[in-house]
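*Asks:* Sequence and predicted structure are below.
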Amino acid sequence: GHAGRAGELKARYGLRYSVRRAMLDPVLRSAFVQLDLDRGSQNFVENSINYPYSAWWCWFRGSLTRYTSRYTADGILNMGKMHVLSTSQWRRILRLAVDKKDCGSLLDVGAGDGAVTQAASSLFSSITATESSFALSWRLWWKGFTAVQTGDIRRASLCKGKYDVVSCLNVLDRVDNPSRLIRDLKASTKPNGRIVLAVVMPFCPAVMTVGGSRPPKERLPIPGCCDGSKRNSWEECVNALVKLVLIPEGLEVVTLSRVPYMSHGDDRKSLYTLDDAILVLKPTAISSWDHRQPCANTSTCDQKLPV
């Protein structure tokens, strides 16, 4: 049955959904929503196992990255498929009624090829998706989304507080100015809206470039996360992210979940995974932001590759 097969896959690939609740701050402990490997997520895993990318396609992609970013190469070749949340998991973290079908408008910042966005598409009446890569922007358009090719959502006139939900999944650790990106996400959201933020923990930021990566210009104050010190646990890193970054920016945690961030397998490995923290946030009146500051340069706002 599903439960038996799901348990087998979780054990084989180290797919983590549970947390040590005692290690979470009390507010996060009460906000935690337990998810699991449901059928939608399991389908992604099975497809990755059964239809991995061939060595030839991986070689071709590697050749392209000599001239362009890994993200654009994936967009050209239609590779790099990823999974974060299934449709039912979107419902759970947003605390939607089973029969609720229209959550209004969604802005997905750094949407990659749109595969992750598609899982939420049935819940919204309109979806705008951004990407800096021309190839990935084309993929978004092809999937039927309102595609905006930009790495700067403010300059693209998207920070006008008109979206019911703004999602930014695995982008925060791929930009030069993550604090300003957080402010722009808030500025794009309606006062009573929600922000869905996915962040890989431990937090190890790197800005992707042609043929490699480099450190970001700004580092968020999350101790014990790939900074040369003792590496902290998933729970400790989430506590720091919320306390030192999100709350000072005027964001309150509504729900917190843990899911594996999965990337389609290849000839070397059948499935690639990282540990994601999924935070649903709501704007509050408190913010340290001076609205005269320029928007974050999200020129690398692409889906992070867990490889």
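*Replies:* Yep, that arrived.
*Asks:* Show me the helices in this protein, by range?
*Replies:* With DSSP state H as the criterion, the chain has helices at 2-13, 26-31, 39-50, 55-64, 70-77, 87-93, 115-118, 134-142, 178-188, 234-240.
*Asks:* Check the ones you listed for me: which has the lowest mean pLDDT.
*Replies:* Among these, helix 70-77 carries the lowest mean pLDDT, a mean of 82.
*Asks:* quick one: that helix to helix 55-64, angle?
*Replies:* For helix 70-77 against helix 55-64, the angle by axes from the mean of the first three to the mean of the last three C-alpha atoms, to 10 degrees is 130 degrees.
*Asks:* in helix 70-77, what counts as buried?
*Replies:* Buried residues in helix 70-77, counted by 16 or more other C-beta atoms under 10 Å: 70, 71, 72, 73, 74, 75, 76. Just so you know, the C-beta spots here come from the backbone N, C-alpha and C atoms, and that holds for glycine as well.
*Asks:* In space, what's closest to the fourth one - neighbours in sequence excluded?
*Replies:* The reference is to residue 73. Closest residue to residue 73 apart from its sequence neighbours, by C-beta to C-beta, 6 or more residues apart in numbering: residue 64 at 3.9 Å.
*Asks:* Also the last one?
*Replies:* Spatial nearest neighbour of residue 76, chain neighbours left out: residue 135 (4.8 Å); criterion: C-beta to C-beta, 6+ apart.
*Asks:* Could I get the pLDDT score of residue 95?
*Replies:* Per-residue pLDDT puts residue 95 at 87.
*Asks:* check contacts around it.
*Replies:* Counting by C-beta atoms under 8 Å, 6 or more residues apart in numbering, residue 95 touches 254, 255.
*Asks:* Distance-wise, check it relative to residue 259.
*Replies:* Note on residue 95: its distance to residue 259, by C-beta to C-beta, to the nearest Å, is 16 Å.
*Asks:* wait, doesn't residue 195 sit right on residue 253?
*Replies:* No - with contacts defined as C-beta atoms under 8 Å, residue 195 does not count as touching residue 253, sitting 10.3 Å away.
*Asks:* Overlap in contacts, the two.
*Replies:* Common contact partners of residue 195 and residue 253 (C-beta under 8 Å, 6+ apart): 280, 281.
*Asks:* In stretch 144-157, which residues are buried?
*Replies:* So for stretch 144-157, counting by 16+ other C-beta under 10 Å, buried means 145, 147, 148, 149, 150, 151, 152, 153, 154.
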